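> Model the structure of this input:
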Amino acid sequence: MLDERSAALGVRVRIADADEDLETRDRLRAAFRRGDLATWGYGDAYAEAAADPMRILGEARSVICVAIPYARPAPERRALGSGRVSKYAWSRDYHVRVRAILNDIAQHIDAAVGGEVTAVACDTAPVAERARAARSGLAWIGKHTNAIAPGLGSYVFLGEIFCSLPLSPDAPLKTQCGSCRRCVDVCPTGALRGDYTIDATRCIADLTQRVDAIPRALRPLLGDWIWGCDLCQEICPPTTRAGTRGDAAFDPLDEELAHPDLQELLSLRSGTYKRRYRPTAMGWRGAAVLRRNAAIGLGNALDRVAIPALERALAEDPHPLVRGAAAWALGRIGGPAAMRVLARAQAKEREASVSDEIAAASKNASPGVEGNTE
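As a prediction, this is how the structure comes out:
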């Protein structure tokens, strides 16, 4: 029944036991101690819960692991002034589709048994889902720390159905990356260590979701990514070989969502945000984070045509996070016009954090140099 239902839904399933995964618990603890996920504030309690399926379903005997492919062709990119969005975030929020698929499978199991024997997890509770997927043979973990499903690559959403039935578990895969380190070498920020661990505080995907200021030293490395980053997956051989096998439900809602115009995004206001971005996976952090990311993208473009838009943001944006990023972008672009904008803003700004950004931008920008890498 599982095979038939998963095939009908266009997903892949494998089964793992529901034993507590002590090895994963210890790996998570070690990652938290290193500060790899310091942005998110996880600790030992999270590691304990994520490694124990019985925290989700007290009678759990099995975990049905589900991989849902989402790779879709990218729309033609706008030639100038646009940013990039990770594939997972340019469609309607994937949680809706993933949860529907998990619920469908779970309901079929319950109906076949004649009672409730399942519980679904879709970012609703601590679950070490990549480790459990590897345990089930659904996928293996690459050096980019993403799960790689054979034939599907790493562009897969993972979900779990915890079940009180003692289903026969599948065998783990023995595949590894071997000597390949393309993902490690392509990562601009050095977040990937090459030993199957990641310093997520340096990962562009995490940096673009922070609600505080992105460290200045890392801002130039974000390039034009305004939400997420796919670089390590774009270059991953199993993922490139898999092609675009995702469901059409994961197509961009519109081309603008895949490649937003940075100047338009910098002026994003509540109405447009609610209509265009709230329905996507970009919608949970708020409009100010997207405007902050747009400012950084404009700074990295090193194009003086963006100076008027950045000047307006620095003078008028209600959020200090955005004004500070606009100041940084002006300093990165440099040149006399940007320096004059910074000088005027410094005389009017009353928020200390933004004043600091203006001062740093003014110091690092050379009046006669258009671009600056500091």
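> which regions of the stretch 51-200 of the chain lie under the pLDDT threshold?
Along the stretch 51-200 of the chain, segments meeting pLDDT under 70 span 77-79.
> Make sure residue 65 is indeed in a helix.
No: if the criterion is DSSP: H, G, I helix; E, B strand; the rest coil, then residue 65 is strand and not within a helix.
> Pull the number of nearby residues for it.
Residue 65: 27 surrounding residues under other C-beta atoms under 10 Å. The C-beta positions use only the backbone N, C-alpha and C, and glycine is treated the same way.
> ok, what's across the strand from it?
Beta-bridge pairing for residue 65 (DSSP bridges): residue 14, residue 160.
> Residue numbering should commence at 669 henceforth.
Fine by me, first position is 669 from now on; the one you just mentioned is residue 733.
> Which stretches in the stretch 869-1018 of the chain count as helices?
872-875, 899-902, 905-910, 923-926, 930-934, 938-940, 955-969, 975-984, 988-1001, 1004-1016 (DSSP state H, counting those that start in this stretch).
> Spit out the contact partners of residue 906.
Each residue near residue 906 by C-beta atoms under 8 Å, 6 or more residues apart in numbering is listed here: 810, 816, 818, 821-822.
> how far does stretch 937-950 stretch from start to finish?
One end of stretch 937-950 sits 15 Å from the other (C-alpha to C-alpha, to the nearest Å).
> looking only at pLDDT, what's the mean for it?
If you average the pLDDT over stretch 937-950, you get 94.
> list the buried ones in it?
Of all the residues in stretch 937-950, those buried under the rule 16 or more other C-beta atoms under 10 Å are 941, 944-945, 948-950.
> For that stretch, which outside residues touch it?
Residues external to stretch 937-950 that are found in contact with it (C-beta under 8 Å, 6+ apart): 753, 756-763, 895, 921-922, 924-925, 936, 951, 954-955, 958.
> Mark which of the residues you listed are buried, thanks.
Buried, going by 16+ other C-beta under 10 Å: 753, 756-762, 895, 924-925, 936, 951, 954-955, 958, out of those.
> Pick the one among these closest to residue 980.
Set against residue 980, the nearest of those by C-beta to C-beta is residue 936 (12.6 Å).
> now the closest one: how far from residue 1025?
Residue 936 is 20 Å from residue 1025, where distance means C-beta to C-beta, to the nearest Å.
> In TSV, list the contacts of residue 906 along with secondary structure, distance to residue 869 and neighbour count.
Output for these, formatted as TSV (DSSP: H, G, I helix; E, B strand; the rest coil; distance: C-beta to C-beta, whole Å; neighbours: other C-beta atoms under 10 Å):
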residue	secondary structure	distance to residue 869	neighbour count
810	coil	20	25
816	strand	24	29
818	coil	31	15
821	strand	26	25
822	coil	21	24
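> want to try JSON lines for the residues you listed, with distance to residue 905 as columns?
Shown next, in JSON lines, are the contacts of residue 906 (distance: C-beta to C-beta, whole Å):
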{"residue": "810", "distance to residue 905": "10"}
{"residue": "816", "distance to residue 905": "10"}
{"residue": "818", "distance to residue 905": "12"}
{"residue": "821", "distance to residue 905": "9"}
{"residue": "822", "distance to residue 905": "11"}
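> which residues in the stretch 769-918 of the chain form strands?
Counting by DSSP state E, counting those that start in this stretch, the stretch 769-918 of the chain has strands at residues 786-789, 808-809, 815-816, 824-831, 893-895.
> between the buried residues of stretch 937-950, which is closest to residue 729?
Nearest to residue 729, judged by C-beta to C-beta, of the buried residues of stretch 937-950 is residue 949 at 32.3 Å.
> Tell me how far that closest one lies from residue 764.
Between residue 949 and residue 764 the computed distance is 10 Å (C-beta to C-beta).
> Report how many residues lie close to the residue nearest to residue 858 when sequence neighbours are not counted.
Computed as C-beta to C-beta, 6 or more residues apart in numbering, the closest residue to residue 858 that is not its neighbour in sequence is residue 870, at 6.2 Å. Residues lying near residue 870 (other C-beta under 10 Å) number 19.
> among the contacts of residue 906, which two are most distant?
The most widely separated members of the contacts of residue 906 are 810 and 818, with 12.0 Å between them, by C-beta to C-beta.
> In stretch 776-794, which residues are buried?
Neighbour counts over stretch 776-794 (16+ other C-beta under 10 Å) mark 776-777, 785-790, 794 as buried.
> ok, back up a step: single out the most deeply packed of the helices of the stretch 869-1018 of the chain.
Mean neighbour count, computed with mean count of other C-beta atoms under 10 Å, is highest for helix 988-1001 among the helices of the stretch 869-1018 of the chain, reaching a mean of 28.
> the domain parsing of this protein - what is it?
670-739+760-831, 930-1042 (automatic domain parsing).
> now the last one, how far from the chain's geometric center?
In this case it means domain 930-1042. With C-alpha atoms, centre = their mean, to the nearest Å as the basis, domain 930-1042 stands 22 Å off its chain's centre.
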